[in-house]
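> Show me how the following folds:
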Amino acid sequence: MATWFTADLHFGHHNIIKYCDRPFSDVGAMNDALIQGWNGVVAEGDTVWIIGDFALGKIAETLPLVAELHGHKILVAGNHDRCWSGHGQRAEGWTERYLDAGFDRIVQGSTTTDIGGEHVRLCHFPYRGDSHDQDRFQSYRPVDNGEWLLHGHVHEHWAQDGRMINVGVDVTEFRPISIDDVAAVIRTGPAERAT
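The predicted structure follows:
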């Protein structure tokens, strides 16, 4: 049983193809490629941490795609997930729908795990930086206390910025990244990597 990390799949989101220059002709091709990329590396008994922004578009069509993906799936909710507590009352009832669709657990905010002997924080938002020109969602960002951070939200803007490691599909060849690969990045130390 292995552990994997991913973020920013944006299943069903037509505009993300243009915004992030994803190499897909349409949403159907993107969704198929994301499912194939995931199932090509993740086994049924594995655990996958999705660090935000799983599905958009017509949610009745995109949320059920979680059932097609291998492994035990834990969602650290991001700003585009309907179950994200940052949506306030609009999020009510959505956690149950996400769990019914096939997620094993939903985490709000951030959580921590150990990777290669390091204490690592998981949060959709990086300490700093954004996919837009200004840092949004300031009150939801974790405080930088020196921990390594696995995140999404910045899409193709960087793969690593110091101790922030972007596990979003736009920089991981549209598939989850293994805990061993993350541990190798951490062992190398803080750095700046575009991809």
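
> Return the residues in contact with residue 43.
Taking CB atoms under 8 Å, 6 or more residues apart in numbering as the definition of contact, the neighbours of residue 43 are 1-2, 70-71. No exception for glycine: its C-beta is placed from N, CA and C like everyone else's.

> quick one, longest helix in the chain?
With DSSP state H applied, the helix covering the greatest number of residues in the chain is identified as helix 27-39.

> Which secondary structure elements does it sit against?
Contacts of helix 27-39 with other secondary structure elements, assessed using 3 or more CB pairs under 8 Å, 6 or more residues apart in numbering; DSSP states H and E, are made with helix 14-19.

> helices or strands up against the helix it packs on?
Helices and strands touching helix 14-19, as assessed by 3+ CB pairs under 8 Å, 6+ apart, comprise helix 27-39.

> any idea which helix or strand comes after the helix it packs on?
Once helix 27-39 ends, the next helix or strand along the chain (criterion: DSSP states H and E) is strand 47-50.

> one step back: using ChimeraX, make a named selection holding only the buried ones among the contacts of residue 43.
Command for ChimeraX that selects the buried part of the contacts of residue 43, burial taken from 16 or more other CB atoms under 10 Å:
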select :70,71
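
> In JSON lines: the contacts of residue 43, plus distance to residue 12, pLDDT and secondary structure.
Compiled in JSON lines, these are given as follows (distance: CB to CB, whole Å; pLDDT from 0 to 100; DSSP: H, G, I helix; E, B strand; the rest coil):
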{"residue": "1", "distance to residue 12": "29", "pLDDT": "93", "secondary structure": "coil"}
{"residue": "2", "distance to residue 12": "27", "pLDDT": "98", "secondary structure": "coil"}
{"residue": "70", "distance to residue 12": "20", "pLDDT": "98", "secondary structure": "coil"}
{"residue": "71", "distance to residue 12": "20", "pLDDT": "98", "secondary structure": "coil"}
